[in-house]
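> structure for the following, please:
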Amino acid sequence: MTDQQPPSPPPQVEDIFTLDPRHSQTLLALARRSIVQGLETGRPLSVAPEEFDEPLRARRAAFVTLTTWGNLRGCIGHLEAIQPLVRDVADNAFAAAFRDPRFPPLAARELGPLQIEISVLTPATPLRFGSEAELLALIEPGRDGLILEAGAARGTFLPTVWESLPDRRDFLRHLKQKAGLPPDYWSDRLRVSRYRTEAFSEGDEAGESAS
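Prediction:
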């Protein structure tokens with residue numbers, strides 16, 4: 001009988017950098033200004049990154065989620081860091097308000113009840129698995145954001161989606177459907193990566209992070 005080696009630990013997600021609460025509030029104010037600018041001019045706010053503190057000039061990927069009276073009103077973002085964080089937030093806030101294909105463009109009357117949440121992403125880490133059971137065992141509910149890809153199909157769920165889909169299997173099935181795949185889809189071509197977020201929203205007393 002040969003000795004069995006313990007399984008390799010799953011790849012670790014890069015630690016989230018923690019924004020100072022004043023930086024979180026700056027980003028939330030910037031997102032709202034960009035939406036107001038969109039209502040007034042039809043264009044997002046133009047941002048000069050050099051005018052902001054270094055953590056806000058760093059290249060980071062972010063999503064902006066909008067709600068009214070507790071209902072989703074738009075959610076747009078990037079999965080890869082392509083530009084300074086302040087510019088990414090301003091662009092995505094505008095896009096969430098006016099270019100999310102699931103909703104009509106935001107109207108001025110909705111600005112009052114509008115609530116803004118920003119999620120700043122870590123770089124995604126690929127998961128290694130040979131079956132759906134292995135994949136499910138790797139997923140950490142409440143913490144992981146997932147990117148699912150199969151050929152041209154692609155979809156993502158932010159960690160906040162765990163609030164409505166707390167079961168791993170349900171989470172994965174709905175993510176497949178979001179990517180345009182059957183909920184029971186399986187293939188050796190299936191690729192899944194995970195990331196974490198630092199999330200903060202208007203009304204947070206200290207802009208504390210949530211992963």
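
> could you chop the protein up by domain?
21-122+197-201, 125-195 (automatic domain parsing).

> please point out which parts of stretch 124-143 sit buried.
Under the neighbour-count criterion of 16 or more other Cβ atoms under 10 Å, stretch 124-143 has 124-125, 127, 129, 135, 139 buried. (Glycine included, C-beta is placed from N, CA and C.)

> for it, measure first residue to last.
13 Å (Cα to Cα, to the nearest Å).

> picking that back up, make a markdown table out of the buried residues of stretch 124-143 and add secondary structure.
Formatted as a markdown table, those follow (DSSP: H, G, I helix; E, B strand; the rest coil):
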| residue | secondary structure |
| --- | --- |
| A124 | coil |
| T125 | strand |
| L127 | coil |
| F129 | coil |
| L135 | helix |
| I139 | coil |
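
> any chance of those residues in CSV, plus pLDDT?
Formatted as CSV, those follow (pLDDT from 0 to 100):
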residue, pLDDT
A124, 94
T125, 95
L127, 97
F129, 96
L135, 97
I139, 97
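
> give the other helices and strands that the longest helix out of those in the chain contacts.
For the chain, the longest helix by residue count, based on DSSP state H, is helix 21-41. In terms of contacts (3 or more Cβ pairs under 8 Å, 6 or more residues apart in numbering; DSSP states H and E), helix 21-41 is packed against helix 54-57, helix 85-98, strand 114-121, strand 197-201.

> show me what the first one is packed up against.
Taking 3+ Cβ pairs under 8 Å, 6+ apart as contact, the helices and strands that helix 54-57 lies on are helix 21-41, helix 85-98.

> again, but for the second one
Helices and strands touching helix 85-98, as assessed by 3+ Cβ pairs under 8 Å, 6+ apart, comprise helix 21-41, helix 54-57, strand 61-68, strand 71-77, strand 114-121.

> list the strands paired with the last one, with their directions.
Right, strand 114-121. Partner strands and pairing direction for strand 114-121 (DSSP bridges) are strand 61-68 (antiparallel), strand 197-201 (antiparallel).

> out of the helices and strands packed on helix 21-41, which is closest to L45?
helix 85-98 (4.7 Å; Cβ to Cβ).

> residue ranges with poor pLDDT in this protein?
1-17, 205-211 (pLDDT under 70).

> let's see 50
Within the chain, the ranges that satisfy pLDDT under 50 run 1-11, 13, 205-211.

> re earlier: and the helices and strands packed on helix 54-57 as JSON lines, adding distance to S201 and mean neighbour count?
Below are these laid out as JSON lines (distance: least, Cβ to Cβ, whole Å; neighbours: other Cβ atoms under 10 Å):
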{"stretch": "helix 21-41", "distance to S201": "7", "mean neighbour count": "18"}
{"stretch": "helix 85-98", "distance to S201": "13", "mean neighbour count": "25"}
